[in-house]
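**Q** attaching a predicted model along with its sequence, questions to come.
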Amino acid sequence: DTGVSQDPRHKITKRGQNVTFRCDPISEHNRLYWYRQTLGQGPEFLTYFQNEAQLEKSRLLSDRFSAERPKGSFSTLEIQRTEQGDSAMYLCASSPLSSAGQETQYFGPGTRLLVL
Amino acid sequence: AQSVSQHNHHVILSEAASLELGCNYSYGGTVNLFWYVQYPGQHLQLLLKYFSGDPLVKGIKGFEAEFIKSKFSFNLRKPSVQWSDTAEYFCAVNPYNQGGKLIFGQGTELSVKP
């Protein structure tokens, strides 16, 4: 059973640098979600895709954040000009599309970002 | 704004004690409800979920949760905890017709003393 995978698992970068994270969802899962989790808090929704279409991105934290899912399979999350406040765990989840509005998300291990 | 509140930030119990973790949400419409668990060093895993029907749902490892619509609550229970239940527990709400995005509570850290 192949779950959601994320790469890298850890990233240390200097302020001002760009970073890109990758998420590979469970095979044939139509929907893919990105969340951010800071210490002591629950995950916070950022954006999601249905196949290659980005259906909501209003929760992306600023215009420095962008996400893509070009072929409807893996997705990337990019942060440009990183700031220390971007330090967090970035989580990816995937789910099969449910016509009944009942879907269950399965989470990956996350990418922990530290901005120095 | 839609939010989820978990009132207990850290709970410490001895083995065999009963557990109840509170979860309340603020959304007036139909919701799907979830509890996720994160064991030390592991990723978020689904514990149980409620979509419709019987408001008492059973999950893995002996956990259950009850949806009380009038109280906007979805509390998690287990009659007898084990040391291996030590983990962080997150309640999450998916407001219906808002895609599948989840709104999480801040989590409750459970420590079970052997």
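**A** Received the coordinates, thanks. Numbering: from 1, shown residues only, chains lettered A, B, ... in the order given.

**Q** ok, the residue in chain A positioned nearest to chain B - contacts?
**A** Of all residues in chain A, the one sitting closest to chain B is residue A:42 (3.1 Å; C-beta to the nearest C-beta). C-beta here means a position set from N, CA and C on the backbone, and glycine is covered the same way. Residue A:42 makes contacts with B:4, B:6, B:90, B:92, B:104, B:105, B:106, B:107, as judged by C-beta atoms under 8 Å, 6 or more residues apart in numbering or on different chains.

**Q** skipping its backbone neighbours, what lies nearest it in space?
**A** residue B:104 (3.1 Å; C-beta to C-beta, 6 or more residues apart in numbering or on different chains).

**Q** the one you found: neighbour count?
**A** 22 (other C-beta atoms under 10 Å in any protein chain shown).

**Q** could you do residue B:96 as well?
**A** Neighbour tally, residue B:96, other C-beta under 10 Å: 14.

**Q** ok, and the closest non-adjacent residue to it?
**A** Closest to residue B:96 by C-beta to C-beta, 6+ apart is residue B:30, at 3.9 Å.

**Q** residue B:73: how many residues sit nearby?
**A** Residue B:73, neighbours per other C-beta under 10 Å, totals 17.

**Q** and the pLDDT for it?
**A** On the pLDDT scale, residue B:73 is placed at 97.

**Q** hmm, it is touching residue B:23, no?
**A** Yes - counting by C-beta atoms under 8 Å, residue B:73 touches residue B:23, with 6.3 Å between them.

**Q** what residues does chain A put near chain B?
**A** Within chain A, the positions lying close to chain B (C-beta under 8 Å from any C-beta of the partner chain) are A:31, A:33, A:35, A:40-45, A:48, A:50, A:55-56, A:59, A:91, A:93, A:95, A:100-110.

**Q** give me that answer again for 10 Å
**A** Residues of chain A found near chain B (C-beta under 10 Å from any C-beta of the partner chain) are A:3-4, A:6, A:31, A:33, A:35, A:37, A:40-48, A:50, A:55-56, A:59, A:89, A:91, A:93, A:95, A:97-98, A:100-110.

**Q** look up phi and psi at the residue nearest to residue A:42.
**A** phi -100, psi 150 (degrees, to the nearest 10).

**Q** is the spatially most central residue of chain A in a bridge, and if so with what?
**A** The centroid of chain A falls nearest to residue A:34 when counting by C-alpha atoms, centre = their mean (3.0 Å). Beta bridges link residue A:34 to residue A:47, residue A:92, judged by DSSP bridges.

**Q** which ones are touching it?
**A** For residue A:34, the contacting residues are A:21, A:23, A:43-49, A:57, A:59-60, A:65, A:67, A:69, A:75-77, A:90-93, by C-beta atoms under 10 Å, 6 or more residues apart in numbering or on different chains.

**Q** before we move on, back to that, how about the secondary structure of the residue of chain A closest to chain B?
**A** Three-state call for residue A:42 (DSSP: H, G, I helix; E, B strand; the rest coil): coil.
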